[in-house]
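1. show me how the following folds:
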Amino acid sequence: MTLAKSVDQNEYKPFELSFGAGALSGAYNSIEDHWPVEACREALRLGINSFDTSPYYGKSEFILGDALQAIKDEFPRSSYYISTKVGRYGYSVKDFDYSAERVTASVEESMKRLHTDYLDIVFCHDVEFVPFEHVVGPNCALEALFRLKDQGKIKYVGVSGYPLEVLLRIAEHQSAQGRPLDIVLSYCHYTLQNTMLAKYTPQFRAAGVRYVLNASPLGMALFREAGPPDWHPAHPPLREAAHKCASLAKENGLNISELASMFAFAGRDAFNLTSTVIGLQKKEEVRTAIDAWQLVKQREQGTQTVPQVEANVMAQITDLLRPFKDFSWQSPSAKEMADPSQ
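-> From the prediction side, this is the model:
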């Protein structure tokens, strides 16, 4: 008999932290076979009840689906939310397909990989890569997703991407059409370096968006001791500044990833954010994320204070990042726009 608590089926009520399963793709570093099951079990035991993935994230859907299937006796499908994406299936713009036919097939494929007969959330993935009409037009992505919602196969329809102005344009269009988006997923826009999501969230709400998620609070690994992966879109000056931030933190007995996580978690209540999606690979990372979140909560409640050394380091980090404050890199990049066949 399981003690797992069922999630609300009529309202999306995720924990303040969500499990970013893109980290299970191996794009950031290689993972051990036993990590996903252990990480998912630890996450659910500690209260995290929402998992985010995509067909674009390598084998992430397969790995996440198998991991959740392995612990179904303790945590049945009713005890968590799953979000995935449609439309993006490779690196370049040539690997996108926002047609209603492909979107519908993609949802079915994802359900099979994830061992489920319904999906809580489906996002149009990286909407800035395709023409606006491919997202909102007839016989295109959102039309197909709302049809699947009407059929009960998915519960919430959303869009994800990097440029906030693109996400907002789609949200406002859908509101004007009388079928507002349920949810928006933004990434790398509430971090130590860029907090623009706080300014856009009220506009999303005004357009009828019920839920707003912040993904990649570490800036897609920009703020970690090992530094970002080679493919990261940040330009060299920003990379160098982030490296200096990591070194400064380490010199003072702190960890840049934990500082970046706490910064993002602390912003949640300030602009009514639904949840922060953070990439997790193993149970130790789950515990570290929960510990950081709990510390933020204790500070908000006044039961813990910020150590002076941390306050000093954060002030210096702010200075190091000031030249890049709210800078957003190009998306799609020139490389992603190129036709690989030519």
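2. show me the helices in the chain, by range?
-> Under the criterion DSSP state H, the chain contains helices at 35-45, 60-70, 100-113, 132-136, 141-150, 164-176, 197-206, 236-251, 256-266, 283-300, 308-321, 334-337.
3. can you get me a residue count around the closest residue to Phe62 other than its chain neighbours?
-> Leaving aside its sequence neighbours, Phe62 sits nearest to Arg113 (C-beta to C-beta, 6 or more residues apart in numbering; 5.2 Å). Yep, even glycine has a C-beta here, placed from its N, CA and C like the rest. When neighbours are defined as other C-beta atoms under 10 Å, Arg113 has 19 of them.
4. please apply the same query to the one 5 residues further on.
-> Counted with other C-beta under 10 Å, residues neighbouring Tyr118 total 16.
5. for the closest residue to Gly267 other than its chain neighbours, phi and psi?
-> Spatial nearest neighbour of Gly267, chain neighbours left out: Tyr190 (5.6 Å); criterion: C-beta to C-beta, 6+ apart. Main-chain torsions, Tyr190, degrees, to the nearest 10: phi -140, psi 80.
6. now Tyr190: how far from Ser6?
-> In this view, Tyr190 and Ser6 are 30 Å apart by C-beta to C-beta, to the nearest Å.
7. higher neighbour count, those two?
-> Tyr190 (29 against 12).
8. that one and Asn214 touch, don't they?
-> Yes - when contacts are counted by C-beta atoms under 8 Å, Tyr190 is listed as touching Asn214 (4.6 Å).
9. tell me the residues that contact both of those two, please.
-> 197, 264, 267, 273, 276 (C-beta atoms under 8 Å, 6 or more residues apart in numbering).
10. between these, which is closest to Gly253?
-> Among these, Ala264 lies closest to Gly253 (C-beta to C-beta), at 21.1 Å.
11. distance-wise, check that closest one relative to Gln69.
-> For Ala264, the distance to Gln69 - C-beta to C-beta - is 30 Å.
12. for Gly178, same thing?
-> With distances taken as C-beta to C-beta, Gly178 is found 39 Å from Gln69.
13. and these two? which has more neighbours close in?
-> The neighbour comparison of Gly178 against Gln69 (other C-beta under 10 Å) goes to Gln69, with 14 against 7.
14. with adjacent residues omitted, what lies nearest to that one?
-> Using C-beta to C-beta, 6+ apart, the closest residue to Gln69 is His115 (4.6 Å).
15. what sits against the one you found?
-> 65-66, 68-69.
16. ChimeraX command for the buried members of these?
-> Selecting only the buried entries of the contacts of His115 in ChimeraX, with 16 or more other C-beta atoms under 10 Å as the criterion:
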select :65,66,68
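17. farthest-separated two in the contacts of His115?
-> Asp66 and Leu68, at 7.5 Å, using C-beta to C-beta across those.
18. which residues touch the lowest-mean-pLDDT helix or strand in the chain?
-> For the chain, counting by mean pLDDT, DSSP states H and E, helix 334-337 ranks last in confidence among helices and strands (a mean of 88). By C-beta under 8 Å, 6+ apart, the surrounding residues in contact with helix 334-337 are 91-93, 129.
19. buried set for that helix?
-> Of the residues in helix 334-337, those buried (16+ other C-beta under 10 Å) are Glu336.
20. for stretch 9-20, same thing?
-> Applying 16+ other C-beta under 10 Å to stretch 9-20 flags 12, 14-20 as buried.
21. fine by me, thanks again.
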